[in-house]
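[1] quick check, what structure comes out for this input:
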Amino acid sequence: MLGNERGKLVIVGGGIIGLSTAYFAQEKGWDVTLIDRGQPSSDGCSLGNSGMIVPSHFIPLAAPGTMGQAIRWMKDPESPFSLNPSLSIDMLKWGLRFFLASTKAQVDQAAPLLRDLNLASRELYVKWAESGIDSGLVQKGLLMLCNSTHMMQEEVQLALQAQKLGVPADVLSAEQTAALDPSIDMQIEGSVYYPKDCHLSPDKLLQSLHKTLELRGCKFLWGQHATDFVTRGRSVQAVKTSQGEVTGDKFVVAGGVWSDSLVKAMRLSIPMLAGKGYSLTLPSPAQLPSICSILCEAKVAVTPMGSRLRFGGTMTIGKPDNVISPEKLNGIKKSVVSYFPKFSLSDFEGIQPWVGLRPVTPDGLPYIGKSKDWDNIAIAAGHAMMGLSLGPITGQLIAQLVSDERTSIPVDRLTPDRYAA
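    Presented below is the predicted three-dimensional model:
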């Protein structure tokens, strides 16, 4: 058990962000209590995702062309990206902010930061693996698979941007791609290979982290729904939950898509919408690649996890619900068959889909930081599709912030006050 020289830290949220924060806070001497509305094995956003660590993903979701593409895709119910339009004030504000953030200037400013965060997080995952945290980490890179000339040209341009940012990227022909991973047949035009990317098994990671934290003295309050805060002046005194109050010295909100509503009573505005995604995991796939990949036209992630193979995709932005769209699932299945000829639609019969809600901010960047209006609370939310990839570095940065230390990576651009009224 680690010491508690600094006092009691209460973390709301038991996904990869909350667990990572607990890990690094314990290292700094905090006595950590973690609250989550679900259970350790519940289907939170961290559990069923694609398990990728992606330094290659330095372009935020809010980028030129994203909104236009989303509107065009709305005509196709099987498309990978869609909006569930609403006349609610919150959604209209979010949409306007997303549109205003989708500029080249914002991408140019965000790309180096996302690169640094992802590379730092990758280093921490490697250190975790070396320390005995079992995540099934595989350091073999990522393939961006293209089955059209047009998409190949787009990915080549992104590879050039990556190289300028110092992120290694290799453009490969179909034959070179097949030689790199001969374990699976591919019907493609070519690919871009990012050797620094990695993949892991999210369920292994979360179980191992949970066990490590518990052995080190972290207290877990599962099945408790955080509803509000008890405050005095500029200070938070306690978290109100469905089962009572939890007091502490400092607090972290890492509740994913639910974080926005939780902090509204404190006059904090961290606008987010739910980005619904799905995954399908085959326990005995027809073929098992050794390298994770993304099917570029379909925006589907493909991740080998031991003997299993997971396909994940779609982004439906709107209100948080777990309603499953058969059309979106069909889109994922059809894309798999079009890229991998040894697979068939019948491979997915009887496979139970997983659905998760990603917290999506208007500018595509997470909220990592402290509010100027409160002395003892930090926010770690809004990571969208990069929650697992950025989990460890976010936890390390938040632990530094609550310990009143200088952060290892500047987080001014990620301040939770950037949409304050």
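[2] which stretches of the stretch 101-250 of the chain have low pLDDT?
    For the stretch 101-250 of the chain, not a single residue meets the criterion pLDDT under 70.
[3] all strands for it, in order.
    In order along the chain, the stretch 101-250 of the chain carries the following strands (DSSP state E, counting those that start in this stretch): 142-146, 170-173, 190-194, 198-199, 219-222, 226-232, 235-241, 244-247, 250-253.
[4] got those as a markdown table, with mean neighbour count columns?
    For the C-beta atoms, the positions are set from N, CA and C on the backbone; glycine is no exception. Formatted as a markdown table, the strands of the stretch 101-250 of the chain follow (neighbours: other C-beta atoms under 10 Å):
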| stretch | mean neighbour count |
| --- | --- |
| strand 142-146 | 27 |
| strand 170-173 | 16 |
| strand 190-194 | 24 |
| strand 198-199 | 26 |
| strand 219-222 | 17 |
| strand 226-232 | 15 |
| strand 235-241 | 18 |
| strand 244-247 | 14 |
| strand 250-253 | 28 |
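[5] out of those, nearest to Phe58?
    strand 190-194 (10.5 Å; C-beta to C-beta).
[6] packing partners for the closest one?
    strand 142-146, helix 149-164, strand 170-173, helix 174-180 (3 or more C-beta pairs under 8 Å, 6 or more residues apart in numbering; DSSP states H and E).
[7] now the second one, how far from the centre of its chain.
    Yep, that's helix 149-164 we're talking about. Distance of helix 149-164 from the chain centroid (C-alpha atoms, centre = their mean, to the nearest Å) equals 23 Å.
[8] could you dump that helix to CSV, C-alpha only?
    Output of helix 149-164 as CSV, limited to C-alpha atoms (Å, rounded to 0.1, in the frame of the first residue of the first chain):
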residue,chain,number,x,y,z
THR,A,149,-7.1,5.2,-55.5
HIS,A,150,-8.8,8.3,-54.2
MET,A,151,-8.5,7.2,-50.6
MET,A,152,-4.9,6.1,-51.1
GLN,A,153,-4.0,9.6,-52.3
GLU,A,154,-5.7,11.1,-49.2
GLU,A,155,-3.7,8.8,-46.9
VAL,A,156,-0.4,9.6,-48.7
GLN,A,157,-1.0,13.3,-48.0
LEU,A,158,-1.7,12.5,-44.3
ALA,A,159,1.5,10.4,-44.3
LEU,A,160,3.5,13.4,-45.5
GLN,A,161,2.0,15.5,-42.7
ALA,A,162,2.9,12.8,-40.2
GLN,A,163,6.5,12.7,-41.4
LYS,A,164,6.8,16.5,-41.1
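[9] strand 142-146 and that helix, what's the angle between them?
    Angle of helix 149-164 versus strand 142-146, following axes from the mean of the first three to the mean of the last three C-alpha atoms, to 10 degrees, is 150 degrees.
[10] buried sites along helix 149-164?
    Buried positions in helix 149-164, judged by neighbour count with 16 or more other C-beta atoms under 10 Å: 151-152, 154-155, 158-159, 162.
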